[in-house]
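No letters, just coordinates:
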């Protein structure tokens, strides 16, 4: 049972618990003797650590990505808490709850999935409904779809984040399709549900959220189109034009080549999906940023990615 979390550590604490070893690197002191820099993480964040003594022995006992048992003292270094590590060794992975070491959605995963299933039942276009059913009746796909993050950072970067983001995007797509005339509602909703499915293979998320080899080499957009192609081949006489329009939505949902889309959106449904996806990602990212700030502050700290501060409002009675 994990008892100490990184966000709670302060200078002067004695640390004796399990973390994920995210990074380690050997360095040299001025006298040429070695020391070890490490980064440890759990669901609440990450912390830097240093090993001054028995460096070679400790370095050989754990690799990046391992669960590690750490004994250390917490001290302040350059206005941040740092661990001075006395012991660190790899642990067996079977005895730990992954949600202690990676952030997870605060929502009920099974309830979200049930809501997604009910939404798919409203898709009246036969081939699109069958395509969704082939995915959502695949036990291996569903297990990973419920568990995967939607990103390594910025938005929905936690276990269950992909399902949360896909459901939210699909619900926004349904509302948007009802607002404008001439929209292929079923195509838009299907594209919203499937647009990020490649992320179940783009990321490794057993111990920490990292890019897989396939993710680094192909990206979730290419992987997702491959996955859709695999399923379409299981459906007899799937219309070629529908497959083309759906896959165009997937490859264009980032909007521009600068943001990773091979092509910009060239249909109304693709344009809508691009903006809906962007809205959901940005709102989630800003909310996560606000949640990490002090509840007593009126403004957030500077958000470098958005290039601004965000107003959080004043508490009632102030």
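That came in fine, so what should we check first? Note that the structure is a prediction, hence the values are computed from the model and not measured. Numbers count the residues shown, from 1 in each chain.

Quick check: end-to-end length of stretch 142-151?
18 Å (C-alpha to C-alpha, to the nearest Å).

Show me which positions of that stretch end up buried.
Within stretch 142-151, the residues that count as buried by 16 or more other C-beta atoms under 10 Å are 142, 144-151. The way it works is simple: take the backbone N, C-alpha and C, and place the C-beta from them, glycine included.

next one: stretch 22-35
22, 24.

again, but for stretch 124-142
Buried, per 16+ other C-beta under 10 Å, within stretch 124-142: 125, 127-135, 141-142.

Of the residues you listed, which belong to helices?
Residues of these located in helices (DSSP state H): 127-135, 141-142.

Any chance of a markdown table for those residues, columns distance to residue 21?
Below are those laid out as a markdown table (distance: C-beta to C-beta, whole Å):
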| residue | distance to residue 21 |
| --- | --- |
| 127 | 47 |
| 128 | 44 |
| 129 | 45 |
| 130 | 45 |
| 131 | 41 |
| 132 | 40 |
| 133 | 42 |
| 134 | 39 |
| 135 | 35 |
| 141 | 30 |
| 142 | 31 |
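
Let me know the closest of these to residue 26.
Closest approach between those and residue 26, by C-beta to C-beta: residue 141, at 41.0 Å.

Not counting its neighbours along the chain, what's nearest that closest one?
Leaving aside its chain neighbours, residue 141 sits nearest to residue 135 (5.7 Å; criterion: C-beta to C-beta, 6 or more residues apart in numbering).

my read: the one you found touches residue 200, true?
No. With contacts counted by C-beta atoms under 8 Å, residue 135 stays clear of residue 200, the gap being 10.7 Å.

circling back: quick one, what contacts the residue nearest to residue 141?
141, 145, 194, 197, 231 (C-beta atoms under 8 Å, 6 or more residues apart in numbering).

Give me the distance between the second one and residue 188.
Using C-beta to C-beta, to the nearest Å, we find residue 145 at a distance of 20 Å from residue 188.

for the record, mean pLDDT for stretch 39-46?
Averaged over stretch 39-46, pLDDT sits at 87.

Run through the stretch 51-200 of the chain and note the low-pLDDT ranges.
93-94 (pLDDT under 70).

all strands of it, in order?
Taking DSSP state E, counting those that start in this stretch, the strands of the stretch 51-200 of the chain run over residues 67-77, 80-90.

Put together a markdown table for those strands, with mean neighbour count and distance to residue 23 on each row.
Supplementary listing: the strands of the stretch 51-200 of the chain in a markdown table, determined by neighbours: other C-beta atoms under 10 Å; distance: least, C-beta to C-beta, whole Å:
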| stretch | mean neighbour count | distance to residue 23 |
| --- | --- | --- |
| strand 67-77 | 18 | 12 |
| strand 80-90 | 17 | 13 |
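
Identify whichever of those strands lies nearest to residue 209.
Closest of the strands of the stretch 51-200 of the chain to residue 209 is strand 67-77, at 15.3 Å (criterion: C-beta to C-beta).

packing partners for that closest one?
Counting contacts by 3 or more C-beta pairs under 8 Å, 6 or more residues apart in numbering; DSSP states H and E, strand 67-77 packs against strand 14-28, strand 45-51, strand 80-90.

Now find how far off-centre the shortest one is within its chain.
The chain centroid and the centroid of strand 45-51 are separated by 22 Å, computed with C-alpha atoms, centre = their mean, to the nearest Å.

Buried residues of it, list them for me.
46-47, 49-51.

With distance to residue 39 as added columns, please give these in JSON lines.
Formatted as JSON lines, the buried residues of strand 45-51 follow (distance: C-beta to C-beta, whole Å):
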{"residue": "46", "distance to residue 39": "5"}
{"residue": "47", "distance to residue 39": "7"}
{"residue": "49", "distance to residue 39": "7"}
{"residue": "50", "distance to residue 39": "11"}
{"residue": "51", "distance to residue 39": "12"}
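
The longest helix belonging to the chain - contacts with which helices or strands?
Secondary structure of the chain per DSSP H: the longest helix is helix 268-291. Judged by 3+ C-beta pairs under 8 Å, 6+ apart, helix 268-291 is in contact with helix 161-179, helix 185-194, helix 240-252.
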